[in-house]
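1. Okay, here's the prediction I keep looking at, along with the sequence it came from:
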Amino acid sequence: MNAELRSESVSDFRLLINGRLIPGAATFNVINPATEDILAACPRADRKQLDQAVAAAKAAFPAWAATPIEKRRELLLRLADELESESLAFARLLTQEQGKPLFAAAFEMRGAVGMIRTWAPMDLRTEVLRETDTSRIVRQRIPLGVVAAITPWNVPVHLLMLKLPPALLAGNTVVVKPAPSTPLTTLRLGEICARLFPPGVVNIITDENDLGAALTSHPDVAKIAFTGSTATGKKVLASTASTIKRLTLELGGNDPAIVLDDADPKEVAPKIFNGAMINSGQVCLAIKRVYAHDSLYDRLCEELAELAKRAVVGDGMDEGTQLGPLQNKMQFEKVKGYLEDARERGKIIAGGAPLNRRGYFIPPTIVRDIPDDARLVREEQFGPVLPVLRYSDLDDAIARANDSDYGLGATVWSSNPDRAYQVALRINSGTVWVNKHMDLPHDLPFGGAKQSGLGTEMGQEGLEEFTQAKIVNLAK
Ligand code: NAD
């Protein structure tokens with residue numbers, strides 16, 4: 001253990017409301033999932049503070065919307081610079097609150113900075129849609145007002161950067177609400193925002209999972225940018241009805257990987273393993289079920305099991321750790337339930353039981369010979385437990401891959417990319433990768449099909465989601 005890394009200061013966190021860093025109405029404890037020790041006391045906003053945050057954002061909106069986009073862009077770039085200069089401290093805090101290894105936390109911070117720098121130069125031009133002798137018709141993109149940005153606990157900093165920068169660039173003001181088990185890095189970000197942005201433009205409140213509904217149904221919130229589970233997403237969707245709020249939902253996934261009969265098991269196994277176990281399986285786009293052709297099924301299972309047995313699981317602050325703990329106790333208990341399902345319905349060939357130590361550790365687990373209707377196959381496990389299923393007919397494999405309420409991502413693995421591409425075209429999901437995984441260029445759109453989401457994040461489309469298209473039609 002590196003003592004210097006351990007001594008990262010984790011005290012004195014504040015809400016950001018109307019430009020002021022203030023204590024919450026109460027506090028709650030944030031737990032380090034690798035040790036189960038209390039990491040920090042986090043401010044807990046109450047309903048009154050939520051209303052103050054929304055009121056501050058509403059009051060700040062007209063001036064911010066009228067601020068030239070060049071100025072908004074410049075402030076975003078300064079945010080990126082400040083975040084970059086503090087990124088090591090952020091990464092340490094992120095590892096301690098989220099559990100991911102320090103190298104992964106540093107990667108998340110680089111991604112977050114890169115994301116802001118991708119948004120900043122983007123533009124929202126007024127376009128001429130038709131010009132004739134007698135009329136001109138243009139489309140202007142106007143900001144919406146107050147945006148509620150709600151994030152989950154798996155990739156808290158990076159996912160916020162799919163929402164906060166485009167919302168601000170487009171001229172909206174924002175109320176951020178992170179997940180209660182990973183609020184600290186977002187609150188630290190609030191300290192930078194307090195220095196940079198005019199009061200009320202960025203507000204950050206933290207809760208104990210009790211303010212989400214009040215925020216999403218608030219009459220003065222114009223748009224909700226939500227990332228989280230499909231179950232919560234449905235509640236958020238319902239809450240928008242009374243005031244017809246704009247909405248982006250990035251929800252759960254149960255991403256299939258189809259391994260064609262011409263793939264080399266030795267070559268694809270590490271890529272599939274990493275795609276499934278990244279962040280200990282706690283990634284919306286992680287590979288969550290594998291369909292392998294009969295002819296290579298046994299070999300692929302063996303390769304995956306070997307990789308699982310060799311993986312180094314431990315405290316993310318320890319050098320050499322490949323996979324950290326599950327992020328919170330609830331998720332730990334949930335994944336233990338999938339282990340039970342795997343034991344009853346399939347055959348566990350690596351992993352299978354929580355580590356006998358403090359912390360929410362479950363080692364990478366490979367499960368073979370499990371039926372399609374097992375819970376581990378049907379549901380989103382969001383943990384390091386991977387079912388490997390057998391197929392002999394490719395049409396059947398595609399049908400089984402598509403037989404899900406989810407449709408976030410998918411992968412196809414083959415030594416023949418053209419053949420794999422044809423398979424990719426038949427999969428019903430927001431993204432399909434061929435012979436790679438998790439390649440998400442910052443400037444290209446991303447979204448979920450079916451119950452994995454609504455709307456788009458990233459890219460020009462992701463920016464336009466934070467605007468209202470307005471048509472101006474004038475007679476000449
Ligand atoms: P969650 O749905 O439990 O919580 C997400 C956020 O919603 C938290 O901030 C939470 O406090 C808040 N919330 C809770 N109840 C609410 C309510 N009634 N109204 C509004 N907000 C409310 O999700 P989680 O467990 O934190 O995250 C894991 C889930 O997120 C997984 O399903 C994962 O697939 C999904 N996810 C999706 C993407 C994507 O881009 N599609 C990315 C990351 C995670």
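-> That came in fine, so what should we check first?
2. So for the residue of the stretch 51-200 of the chain found nearest the ligand, what's the nearest residue that isn't a sequence neighbour?
-> Closest to the ligand within the stretch 51-200 of the chain is Pro152: 3.0 Å, counting by CB to the nearest ligand atom. Heads up, the C-betas are built off the backbone N, CA and C, glycines and all. In space, Pro152 comes closest to Gly228 once its chain neighbours are excluded; the distance is 4.6 Å by CB to CB, 6 or more residues apart in numbering.
3. before we move on, what about Thr248?
-> According to CB to CB, 6+ apart, the nearest residue to Thr248 is Gly455 (3.9 Å).
4. And the one you found, how far from the ligand?
-> Counting by CB to the nearest ligand atom, to the nearest Å, the separation of Gly455 from the ligand is 11 Å.
5. Lys309 now?
-> 27 Å.
6. Doesn't that residue belong to a helix?
-> Yes: under DSSP: H, G, I helix; E, B strand; the rest coil, Lys309 falls within a helix.
7. Just grab the bridge partners of the nearest residue to it once chain neighbours are set aside for me.
-> Among residues not flanking Lys309 along the chain, Ala350 sits closest, at 5.2 Å (CB to CB, 6+ apart). When assigned by DSSP bridges, Ala350 has beta-bridge partners Ile366.
8. Ala350 touches Ile366, doesn't it?
-> Yes: taking CB atoms under 8 Å as the contact criterion, Ala350 and Ile366 are neighbours in contact, 4.5 Å apart.
9. Look at those two and report which has more neighbours.
-> Taking other CB atoms under 10 Å, Ala350 and Ile366 do not tie; Ile366 has more neighbours (31 against 21).
10. wait, isn't Gly114 in contact with His442?
-> Yes: using CB under 8 Å, Gly114 is in contact with His442, at 5.9 Å.
11. tell me which parts of the stretch 51-200 of the chain are close to the ligand?
-> 150-154, 159, 177-180 (CB under 6 Å from any ligand atom).
12. Can you give me the neighbour number for Gln460?
-> Residues near Gln460, counting by other CB under 10 Å: 15.
13. how many neighbours does the closest residue to Leu260 other than its chain neighbours have?
-> Once flanking residues are discounted, Leu260 sits nearest to Ser414: 3.9 Å by CB to CB, 6+ apart. Neighbours of Ser414 under the rule other CB under 10 Å: 23.
14. low pLDDT regions in the stretch 351-476 of the chain?
-> Across the stretch 351-476 of the chain, nothing is flagged by pLDDT under 70.
15. and the stretch 201-350 of the chain, which residues reach the ligand?
-> Going by CB under 6 Å from any ligand atom, the residues of the stretch 201-350 of the chain near the ligand are 209, 212-213, 216, 227-229, 232, 235-236, 250-253, 284.
16. So which of the residues you listed sit within strands?
-> Those of these mapping onto strands are 227, 250, per DSSP state E.
17. Report the buried members of the residues of the stretch 201-350 of the chain next to the ligand.
-> With burial judged by 16 or more other CB atoms under 10 Å, the buried subset of those is 212, 216, 227-228, 232, 236, 250-253, 284.
18. What is the most widely separated pair among these?
-> Across these, the longest distance by CB to CB is 21.6 Å; it joins Thr216 and Gly253.
19. Residues touching the helix or strand hosting Pro270, excluding its own?
-> Secondary structure from DSSP states H and E places Pro270 in helix 265-277. By CB atoms under 8 Å, 6 or more residues apart in numbering, the residues outside helix 265-277 that reach it are 257, 259, 286-288, 290, 296, 299-300, 303-304, 307-308, 311, 323, 364, 384, 386, 411, 413, 435-438.
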